[in-house]
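> Okay, here's the prediction I keep looking at, along with the sequence it came from:
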Amino acid sequence: MSTGKPTGAHLLRRLRMSRGWSWDQLAQQLRDLARDLRFARIGTNSLTSIKRNIARWEAGSIIPGHQYQLLLAHTYARTPSGTVALGPGSDFHQLLDALADLGVDQTRLDELNTTVTATATDTGMNLLAFLSSPFRTELARALARPKSLDTPIVNGLRAATDAINQQIGSVPFVRLHLAQSAIVDACRQLLDSDQPEPLRSRLRQTSSAA
């Protein structure tokens, strides 16, 4: 395999360490997932062998192979608490950035994005999968306390709509419909409260676009 760039290797290391995982712990995660996905070669590998690969990725000496790319994508598509997070700023997006910097071509990155987006949730696509973790918290707070709604939250909903639209043609329509419906419902809940007219206008535009 070709040598990767240091920045991508650093990103891989930072992702692992941000979750408090050792090489052994990430190796265990990857092997367990490989067994779930019936990746026989990796699923039967020793943890020592997988750990050696992780060390080489983080040193920038090799690029993760296709199966490892998919395993990493599924691993970082969920937060440590198990919530799907695919939006801007998520670990999943940072992983794609790392792979791009290591030399993985855009066609493969698009394939990973489409595959994980289509399969990461147990019950189809949902709105939260397209939102960054901080924004999910902000939106939940606004829905619970509508008076806390501000422009960045409304803009975040519109950005989520745009992110879902980017999956048209690569994700089954019914899943995209469910995600957009969630945005419409969020907008309606916020419109039921007393909001300033500029925010109400933006919410109506976002709901209409969804």
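Good, I have the coordinates.

> Residue 201 versus the residue most central in space within the chain, what's the distance?
In the chain, the residue lying closest to the centroid (C-alpha atoms, centre = their mean) is residue 86, at 1.9 Å. Distance, residue 86 to residue 201, by C-beta to C-beta, to the nearest Å: 29 Å. Placement of C-beta: from N, CA and C, glycine included.

> and stretch 182-189, what's its mean pLDDT?
Average pLDDT, stretch 182-189: 81.

> neighbouring contacts of that stretch?
By C-beta atoms under 8 Å, 6 or more residues apart in numbering, the surrounding residues in contact with stretch 182-189 are 126-127, 139, 143, 146, 157, 160-161, 164, 203-204, 206-207, 210.

> Equivalent analysis for stretch 69-77, please.
Residues outside stretch 69-77 that contact it (C-beta under 8 Å, 6+ apart): 15, 26, 29-30, 33-34, 37, 39, 42, 64, 84-86, 90-92, 94-96, 99, 104, 108, 112, 115-116, 119-120.

> how about low-confidence regions in the protein?
The chain contains residues with pLDDT under 70 at 1-6, 118-134, 171-175, 178.

> ok, back up a step: show me just the buried residues among the contacts of stretch 69-77.
Among these, the ones that count as buried by 16 or more other C-beta atoms under 10 Å are 15, 26, 29-30, 33-34, 39, 42, 64, 84-86, 90-92, 94-96, 99, 104, 112, 116, 120.

> Any idea how far the helix ranked longest in the chain is from the middle of the chain?
Taking DSSP state H as the criterion, the chain has its longest helix at helix 173-191. With C-alpha atoms, centre = their mean, to the nearest Å as the basis, helix 173-191 stands 19 Å off its chain's centre.

> now swap in stretch 54-73 and tell me
18 Å.

> Then stretch 9-19?
Taking C-alpha atoms, centre = their mean, one finds stretch 9-19 lying 15 Å from the centre of the chain it belongs to.

> Now residue 168: phi and psi?
phi -60, psi 130 (degrees, to the nearest 10).

> Quick check: beta-bridge partners of it?
residue 171 (DSSP bridges).

> which residues in this protein form helices?
Counting by DSSP H, one finds helices in the chain at the ranges 6-18, 23-36, 40-43, 47-59, 66-76, 91-102, 106-119, 133-144, 151-165, 173-191, 197-209.

> The residue nearest to the centre of the chain contacts residue 117, doesn't it?
Yes - if you go by C-beta atoms under 8 Å, residue 86 and residue 117 touch, sitting 6.0 Å apart.

> Return the residues in contact with residue 19.
Applying C-beta under 8 Å, 6+ apart, the residues near residue 19 are 80, 91.

> now do 7 Å
By C-beta atoms under 7 Å, 6 or more residues apart in numbering, the contact list for residue 19 reads residue 80.

> how far away is it from residue 164?
Going from residue 19 to residue 164 by C-beta to C-beta gives 27 Å.

> what does residue 103 give?
29 Å.

> do the same with residue 145
26 Å.

> Looking at the two, which one has more neighbours?
When neighbours are counted by other C-beta atoms under 10 Å, residue 145 and residue 164 differ, and residue 164 comes out ahead with 24 against 10.

> Identify the residue nearest that one in space, chain neighbours excluded?
In space, residue 164 comes closest to residue 179 once its chain neighbours are excluded; the distance is 4.8 Å by C-beta to C-beta, 6 or more residues apart in numbering.

> Nothing else from me, thank you.
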